[in-house]
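Engineer: when you get a sec, could you give me coordinates for this:
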Amino acid sequence: MFFKKGDNRTPPGQENRVPPGQYVTEKFPVLHYGNVPRYETLDDWDLRVWGEIAEPATFTHAQLRALPTVEVTMDIHCVTRWSKLDTCWEGVRFRDFLQHIPALKPSAQFLLAHAEQGFTANIPLELMLEDDALLAYRYDGRELDPEHGYPLRLVVPQKYFWKSAKWLRGIEFLAEDTPGFWERYGYNNNADPWREERYAD
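Structural biologist: Numbering: from 1, shown residues only. The predicted model follows:
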């Protein structure tokens, strides 16, 4: 079942799952800034963690994949008005990830996700402690497609999906909020789909 943009219908019994102004799709549209990174090998790939933390840390791909894994089913919502229901992601729950890095300082209140090609996305740390906030590397039972963020992406379903940064390479913990890439270009900093916080006032 596919509802075209502008069609206000939602699947029967699912009306409360679709935010205002959204249409439901079974496809997974590909939207991003810049080109899709291609990796011949992940031998040199790493994920760096720094900022308001006791000391910086770095994870190789193998180290990251050795961390405890969860599978979470969630609805996702894009600022371009599509919603996809019951998507299945696998990876490391973010709050579990915090147990495997040096202690955060009390001043850590936000994080800035750093991705390939200079893309960034800012999220309150409190939101990243929810059950469905992930460092994801599998989708729908398979490794992420390159177009959807292989080998690692952030998944933050409570916000419009631009906050779920693809091709994640770093996590910077911050004492104060710092606008990410799209926020600097006019998108709403809070990005709550239920309030239709698409663009800055």
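Engineer: hey, which strand is longest across the protein?
Structural biologist: Counting by DSSP state E, the longest strand found in the chain is strand 82-93.
Engineer: buried sites along it?
Structural biologist: Trp82, Ser83, Lys84, Leu85, Thr87, Trp89, Glu90, Gly91, Val92, Arg93 (16 or more other Cβ atoms under 10 Å). (Each C-beta comes from the backbone N, C-alpha and C, glycine too.)
Engineer: ok now the very next helix or strand once past that strand, how far from the chain's centre?
Structural biologist: Beyond strand 82-93 on the C-terminal side, the first helix or strand identified by DSSP states H and E is helix 94-97. Distance of helix 94-97 from its chain centroid, counting by Cα atoms, centre = their mean, to the nearest Å, is 14 Å.
Engineer: what packs against helix 94-97?
Structural biologist: In terms of contacts (3 or more Cβ pairs under 8 Å, 6 or more residues apart in numbering; DSSP states H and E), helix 94-97 is packed against strand 134-139.
Engineer: average pLDDT for the strand it packs on?
Structural biologist: Confidence for strand 134-139, expressed as mean pLDDT, is 98.
Engineer: any idea how many residues pack against the nearest residue to Asp177 once chain neighbours are set aside?
Structural biologist: Distance criterion Cβ to Cβ, 6 or more residues apart in numbering; nearest residue to Asp177, sequence neighbours excluded, is Phe110 at 4.8 Å. Neighbour count of Phe110, defined by other Cβ atoms under 10 Å: 20.
Engineer: hmm, back to that, let's have the buried residues of strand 82-93 in a markdown table, adding distance to Glu71 and pLDDT.
Structural biologist: Shown next, in a markdown table, are these (distance: Cβ to Cβ, whole Å; pLDDT from 0 to 100):
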| residue | distance to Glu71 | pLDDT |
| --- | --- | --- |
| Trp82 | 23 | 95 |
| Ser83 | 21 | 96 |
| Lys84 | 17 | 96 |
| Leu85 | 16 | 97 |
| Thr87 | 11 | 97 |
| Trp89 | 7 | 98 |
| Glu90 | 5 | 98 |
| Gly91 | 9 | 98 |
| Val92 | 11 | 98 |
| Arg93 | 10 | 98 |
